[in-house]
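> below: sequence and its predicted model.
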Amino acid sequence: MPLQKVTLHKLKMRLKFPFRTSFGTIQDKEFFIIEAMDDKGNNGFGESVSFSSPWYTEETTATNEHVMKDFLIPLLKGRPINHPDDITETFRVIRGNNMAKAGIEGAIWDLYAKQRGETLATALGGIKKEIDVGVSLGIQPDINDLLADIDNHLKQGYKRIKLKIKPGQDLEILQEVRQHFPDTPIMADANSAYSLQDSDHLKKFDGLNLMMVEQPLAHDDRLDHAKLQKEIQTPICLDESIHSYDDARHAIELGSCKIINVKIGRVGGLTEAKRIHNLCQEKDVPVWCGGMLEAGVGRAHNIALTTLPNFTLPGDTAGSSRYWEKDIIKPEVEVQDGTITVPTNSGIGYEIDREALKSFRVGCYEYEVF
Ligand SMILES: O=C(O)CCC(=O)C1=CC=C[C@@H](O)[C@@H]1C(=O)O
Ligand SMILES: [Mg+2]
C-alpha cells in the first residue's frame, strides 16, 4: 500500500470535567493526531492516547513525541507496506512504547481501509452494525452527586456503569449505589489500588453482584491476580496488566482474570488488539473495549474494533459530548439508547473537522516517508 507522508498534529484539549481515578485527576489532554497520506489524496488518521503524566502506563505525550519522531517514523522511510499488519513487525525492534506505535499504526489502518474503499470495521473483520456502550464515572467526593450522575447516564441509555474506586472510597459507596440501582449492570475499576493483603476486603464485594472488578492489583501483575481470583467470586477484568497477545495468553493460562479490557493504545495497535480478541474468543473469555478519554479519532477506532464478535460486553466508548464541548470529527460520536451506530463511510467513517483540529493545535510536524 502506498504511503507518502506522515504528519503529527499535536493538540491540546480540555475535558468538560476533571476525571478522578485512584492514581490522580485528568482534565487537560495533550496528545497527537497522526495523519498518514498517500499520493492519491487519501488520508488516514490515528490518535496517540497517552496522558501527560505516566500514571496509567509509563508513556507520556512527551515520550510519544520522542519515540514517534526519532524512532518509529524513520522506520517507515522507504519500507514497502503490504498490509497494516506489517507495521507491528516493523516496530517490533523498538521495545514498549505501545501508545506511540498504536497512533501511527492506527493512521495506516485507516489509510488502508480508505484506499480499499471499505470501512475500518470491515477491514478488521468486524461484523456488528451497532455497538452497545457503557460509561466510566470518575471518583466523586459527594455520594449524592455520584447517584445523580449515574441516574443521568442511565436515563441516556448507557448499558452499564463503571465506577472508579480506591481504598476508603469503595465498599460503602458501591453498597449505596447498589441499593439505589438494584438491577443496573455495575462494575468497579481500581486502577491497581489494592494488594493481595486486601483479599478479605475485596471478598466483601461478592455480595454486590458486580459485573466485574477491573485491575484491583498491581499494574504489572498477573500472578497475584490469579491468587485473588481464586478467593473472590466477582470476575476480575485485567486492564493495565495486558500489553500484548502473550500477556493475555499468560493471564488466561494462570486464571488471573475472567474478562479482558482491550485498549488499542495499551497493546500497541489494532493488529495486536485483534489477535487478543481472537485468542479470547477461542478461550471463551469475553472482552470489551476500554477508553482513554479519547478525542474523535481514537473514539472512531474503538468503535471499529468493537464490531468484532467477541466484544460482547459494553465498552467505555461514550459519546463525544460527554467529554468535549467540541470534538475534532464530523459528525461527532452519538450514543442513542446506549448504542452507537457504526458509520458506513470508508475508513474510520467520520470526517476530520479541519477547523476544529487547527483550533486545538499547538504543534505540527511533517515527514516524507516514501
Ligand atoms: O471514558 C473513557 O474513555 C474511559 C475512562 C477510563 O476509565 C480510564 C481512562 C484512563 C485511565 C484510566 O483511569 C481508565 C481506565 O483504567 O480504564
Ligand atoms: Mg481501567
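Yes, it's here. Note that the structure is predicted; figures quoted are calculated from it, not measured. Ligands and ions are numbered 1, 2, ... in the order given.
> switch to C-alpha atoms for all contacts and neighbour counts from now on
OK.
> can you name the residue of the stretch 101-250 of the chain nearest ligand 1?
residue 136 (5.0 Å; C-alpha to the nearest ligand atom).
> checking that residue next. Helix, strand or coil?
Three-state assignment for residue 136 (DSSP: H, G, I helix; E, B strand; the rest coil): strand.
> name the element the closest residue in space to it that isn't next to it in sequence belongs to?
With sequence-adjacent residues excluded and distances taken as C-alpha to C-alpha, 6 or more residues apart in numbering, residue 136 is closest to residue 162, at 4.5 Å. Following DSSP states H and E, the helix or strand that holds residue 162 is strand 161-164.
> go through this structure and flag its longest strand.
Across the chain, the longest stretch assigned as strand under DSSP state E is strand 5-21.
> tell me what that strand is packed against?
The elements that strand 5-21 packs onto, with contact taken as 3 or more C-alpha pairs under 8 Å, 6 or more residues apart in numbering; DSSP states H and E, are strand 24-37, helix 320-323, strand 361-368.
> could you single out the most deeply buried of those?
strand 24-37 (a mean of 21; mean count of other C-alpha atoms under 10 Å).
> after it, heading C-terminal, what element do we hit next?
Remark: after strand 24-37, the chain's next helix or strand is strand 43-47, criterion DSSP H and E.
> pretty sure residue 192 sits against residue 215.
Yes: the pair residue 192 / residue 215 is scored as a contact, 5.5 Å apart, by C-alpha atoms under 8 Å.
> hang on, the earlier thing: of the helices and strands packed on strand 5-21, which is nearest residue 274?
Of all the helices and strands packed on strand 5-21, strand 24-37 sits nearest to residue 274, with 20.7 Å by C-alpha to C-alpha.
> ok, back up a step: so for residue 192 and residue 215, which sits in the more crowded spot?
The neighbour comparison of residue 192 against residue 215 (other C-alpha atoms under 10 Å) goes to residue 215, with 27 against 23.
> need the contact list for that one.
189, 190, 191, 192, 236, 237, 238, 239, 240, 241 (C-alpha atoms under 8 Å, 6 or more residues apart in numbering).
> just the C-alpha atoms of stretch 235-250, please, in CSV.
Only the C-alpha atoms of stretch 235-250 are listed here, as CSV (Å, rounded to 0.1, in the frame of the first residue of the first chain):
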residue,chain,number,x,y,z
PRO,A,235,-15.0,-11.8,37.9
ILE,A,236,-11.6,-10.0,37.6
CYS,A,237,-11.1,-8.0,34.5
LEU,A,238,-7.5,-7.1,33.6
ASP,A,239,-6.6,-3.7,32.0
GLU,A,240,-3.1,-2.4,32.9
SER,A,241,-1.6,-5.9,33.0
ILE,A,242,-2.3,-6.7,29.4
HIS,A,243,0.1,-5.2,26.8
SER,A,244,0.3,-8.0,24.3
TYR,A,245,-1.1,-11.3,23.0
ASP,A,246,1.3,-13.1,25.2
ASP,A,247,0.2,-11.2,28.3
ALA,A,248,-3.4,-12.2,27.5
ARG,A,249,-2.3,-15.8,27.0
HIS,A,250,-0.4,-15.9,30.3
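> I'd like the average pLDDT over it.
Stretch 235-250 shows a mean pLDDT of 98.
> what does stretch 353-370 give?
97.
> and it, end to end?
For stretch 353-370, the first-to-last residue distance is 27 Å (C-alpha to C-alpha, to the nearest Å).
> residues making contact with that stretch?
3-13, 73-74, 76-79, 326-330.
> so which residues on the stretch 101-250 of the chain come close to ligand 1?
136, 191 (C-alpha under 6 Å from any ligand atom).
> how many neighbours does the nearest residue to residue 28 once chain neighbours are set aside have?
Leaving aside its chain neighbours, residue 28 sits nearest to residue 14 (4.5 Å; criterion: C-alpha to C-alpha, 6+ apart). The number of residues packed near residue 14 is 16, by other C-alpha under 10 Å.
> report how many residues lie close to residue 283.
Counted with other C-alpha under 10 Å, the neighbours of residue 283 add up to 12.
> next: the one 5 residues further on.
Taking other C-alpha under 10 Å as the criterion, the count of residues near residue 288 is 24.
> how about the one 10 residues further on?
Using other C-alpha under 10 Å, residue 298 has 24 other residues around it.
> the spatially closest residue to it that is not a sequence neighbour pairs with what?
Nearest residue to residue 298 in three dimensions, chain neighbours excluded: residue 47, at 5.2 Å (C-alpha to C-alpha, 6+ apart). Assessed by DSSP bridges, residue 47 has beta-bridge partners residue 33.
> residue 30 is in contact with residue 47, correct?
No: the criterion here is C-alpha under 8 Å, and residue 47 misses it with residue 30 at 11.0 Å.
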